[in-house]
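Trainee: Pasted the sequence and its predicted model underneath.
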Amino acid sequence: MMYSLGKLWKAKDLRKRVLFTLLFLAIYRIGAVIPVPGVNAQLLQSMAGKSPLIGILNTFSGGALYNFSIFSMSIYPYVTASIVVQLLQMGVIKQWEDWSKEGETGRVKLNQWTRYLTVALGLIQSVALTFSFSRQIGSGFITDPSLWTYAVIAITMTAGTTLLMWMGEQITDKGVGNGISVIIFLSILSRVEVIIPQIYSNWFYAHPDQLFLNIIKVVLLLVGLLLITTFIVFVQQAVRRIPVQYTRQQIGMKVYGGQTTHIPLKVNAAGVIPIIFATSVLFFPTIIAQFFRGNKVADWIINVFTPTSHWFVGIEAVLIIAFTFFYAFIQINPQQLAENMQKSSGYIVGIRPGKDTENYLVRLINRLSLIGGLFLAVISVVPTIVASVTGLSGIVYYFAGTSLLIVVSVLLDTVKQLKGQMLQRSYKGFIR
């Protein structure tokens, strides 16, 4: 491992990519502690542990929300905007559907609309959060409750999200890994420091006479996290190999084809995206309902969509499975894959080319998506079980499943990219 790290550091372009990524992540962590002007961020600490939703948002923002910093909303308006754009290009807006088929040119146009929508959603969410905190905390949170102060706060927070969006794109292009995922990964990882004090307070300090039992609880918790991590790695790395045979073709004096290969389809082709999508969709109604707190419908939405609610867990599981199917077919287009194989004189062994191949791929992707969706849904439910058994809440509650999946998935993807970059330079690999 150390040998491979040394090789990584000696490669000049890779070293620049790593340093570029670390620089942008350092800027992000600095911005996470810079509060927006016009608020008393210290009053937010009184809400710690009282609102599960705020606790989750604070976890995914790397603690920026409790500081009410310029990065309080993190990257989630951009994630929500990406969901909306991907849904609307599936036959809802014809022009966007056409752009999705134009390759790189169409992708640039869709990305531009995603940015516009990110700004709009950022403004809505920033105003909603400000009004919600102002009503819950009361006077003193906004130092000068004027229209100008609210406008400055909303613009500053939206600008912070826009800056994070740009930083994520730059990390993807010039750094290491997927920029947006890396930012979310660092946000979650930065809250690890909260776990140890919470375990000590809930177990050891509250029950000093149960030292041996508390030690056993800690050991069981670590073993559980290790088993969950192993399970996540196993499913994330699992693939279904489809054997493909290419017929021989003679063009002039040369013979092409005739080889046997395979198409690797991942069991969880959608990765961690369905969980991020589902979480963003479920958070949005609550954020809007905060505007109308006191109204029966708004209060019902807030109660139903709180993360500790059984309704929330059930709806989240259903959305995760649905988004897994949706995103899997975005990642793998069965019709296009079947057409490309037929054009290359290839066929799946035992399946006729053309429509039969497409139908076979659709059935196979559906089965894999069901397995992947159930896997993601189970992972998302684990925090509820852990919280009820251990009595831990807040940060630990979400580190047990969803957050752990995001951390492991981003690490696997980043290591895979580094390994690919090093193999191109005739190195033996990142993990030896």
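Mentor: Cool, the structure landed.
Trainee: Which residue ranges of the stretch 301-432 of the chain form helices?
Mentor: Applying DSSP state H, counting those that start in this stretch to the stretch 301-432 of the chain gives helices spanning 310-331, 334-343, 355-390, 395-399, 402-423.
Trainee: Quick check: which of the ones you listed is buried the most?
Mentor: For the helices of the stretch 301-432 of the chain, the largest average neighbour count (mean count of other C-beta atoms under 10 Å) is found in helix 395-399, namely a mean of 24. Quick note: C-beta positions are derived from backbone N, CA and C, even for glycine.
Trainee: Please name the residues that touch the spatially closest residue to residue 329 that is not a sequence neighbour.
Mentor: Nearest residue to residue 329, sequence neighbours excluded (C-beta to C-beta, 6 or more residues apart in numbering): residue 365, at 6.6 Å. Residues near residue 365 by C-beta atoms under 8 Å, 6 or more residues apart in numbering: 265, 269, 328, 329, 332, 334.
Trainee: tell me which of those residues is nearest to residue 417?
Mentor: Nearest to residue 417 among those, counting by C-beta to C-beta, is residue 269 at 17.4 Å.
Trainee: Confirm the closest one sits in a strand?
Mentor: No. In this structure, residue 269 is coil, not part of a strand, as judged by DSSP: H, G, I helix; E, B strand; the rest coil.
Trainee: so how many other residues sit close to it?
Mentor: For residue 269, the tally of surrounding residues (other C-beta atoms under 10 Å) stands at 20.
Trainee: quick one: least confident helix or strand in this protein?
Mentor: helix 395-399 (a mean of 50; mean pLDDT, DSSP states H and E).
Trainee: okay, which residue is most central for this protein?
Mentor: Geometric centre of the chain, nearest residue: residue 276, 4.3 Å, by C-alpha atoms, centre = their mean.
Trainee: The closest residue to that residue other than its chain neighbours sits in which helix or strand?
Mentor: Distance criterion C-beta to C-beta, 6+ apart; nearest residue to residue 276, sequence neighbours excluded, is residue 79 at 5.6 Å. In this structure, residue 79 sits in helix 76-88 according to DSSP states H and E.
Trainee: now that helix: mean pLDDT?
Mentor: The pLDDT scores in helix 76-88 average 82.
Trainee: Quick one: list the elements packing against the very next helix or strand once past that helix.
Mentor: For helix 76-88, the following helix or strand on the C-terminal side (DSSP H and E) is helix 94-100. If contacts are counted by 3 or more C-beta pairs under 8 Å, 6 or more residues apart in numbering; DSSP states H and E, helix 94-100 sits against helix 104-137.
Trainee: any idea how far residue 316 is from the residue nearest to residue 276?
Mentor: Residue 79 sits 15 Å away from residue 316, going by C-beta to C-beta, to the nearest Å.
Trainee: ok, then the element right after the helix or strand containing residue 229?
Mentor: According to DSSP H and E, residue 229 maps onto helix 211-237. Using DSSP H and E, the helix or strand that follows helix 211-237 in sequence is strand 239-246.
Trainee: That next one: which residues count as buried?
Mentor: Within strand 239-246, the residues that qualify as buried are 240, 242, 244, 245, 246, counting by 16 or more other C-beta atoms under 10 Å.
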